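> sequence? don't have it. structure:
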């Protein structure tokens, strides 16, 4: 059976630099009827477990370590035995949320994660966070971008650990080079395509933001 992508929206809060905001997060489950990986275990481990429906969880992949993307990761790992994987450049952010529980493994640029016979390649895309990554699944025609690229432009870079020129370089070099029909599945909000965002990102930059 070919891998499919299941989608769950969970709600909670995002906290950084002394502020807290209510947020809805996209949780992506990639797999078949027997096994899966979770991209960003946000807010509600029980809801994610229910969506897994008894499938073997192979890994919990963190696109970055802002608390709203990792707050449910330890509980989900404890319930399933799956390892939590994070790029090491985001360990300082991770420790703000989980000081007593380290990730189980590291993500590296070019690394391949395979589930249900489908390969997902890790793309290191710093900018929104130092260790931000995207996951490109060419067989599924999709890329999971976390908070690096949204419908309408780059992710936020106004808070600590983020850098606007770096996120622009990441998007231009790592994401806009993917096939234009590639579906962009984001950390928040609606999906888009690489081709659509190639147009939007240039307009966004031309406005001087």
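Everything's here; your move. Values in this document were obtained by computation on a predicted structure and should not be read as measured data.

> Need the residues that contact the lowest-mean-pLDDT helix or strand in the chain.
Here the helix or strand of the chain ranked lowest by mean pLDDT, DSSP states H and E is helix 194-206, holding a mean of 84. Contacting residues not belonging to helix 194-206 are listed as 143, 149, 151-154, 168, 171-172, 175-176, 178-182, 184 [Cβ atoms under 8 Å, 6 or more residues apart in numbering]. For glycine as for every other residue, the C-beta is placed from the backbone atoms N, C-alpha and C.

> what comes up buried for that helix?
For helix 194-206, burial by neighbour count (16 or more other Cβ atoms under 10 Å) applies to 194, 197-198, 200-201.

> Same list (those) but as a markdown table, adding distance to residue 26.
A markdown table is the format used below for those (distance: Cβ to Cβ, whole Å):
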| residue | distance to residue 26 |
| --- | --- |
| 194 | 17 |
| 197 | 16 |
| 198 | 21 |
| 200 | 19 |
| 201 | 20 |
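
> ok, and the closest non-adjacent residue to residue 174?
residue 123 (4.8 Å; Cβ to Cβ, 6 or more residues apart in numbering).

> So the one you found: helix, strand or coil?
Applying DSSP: H, G, I helix; E, B strand; the rest coil to residue 123 yields a three-state assignment of strand.

> what does the average pLDDT come to for stretch 94-109?
Averaged over stretch 94-109, pLDDT sits at 98.

> For that stretch, what is the distance to the chain centroid?
14 Å (Cα atoms, centre = their mean, to the nearest Å).

> That's all I had, so thanks and see you.
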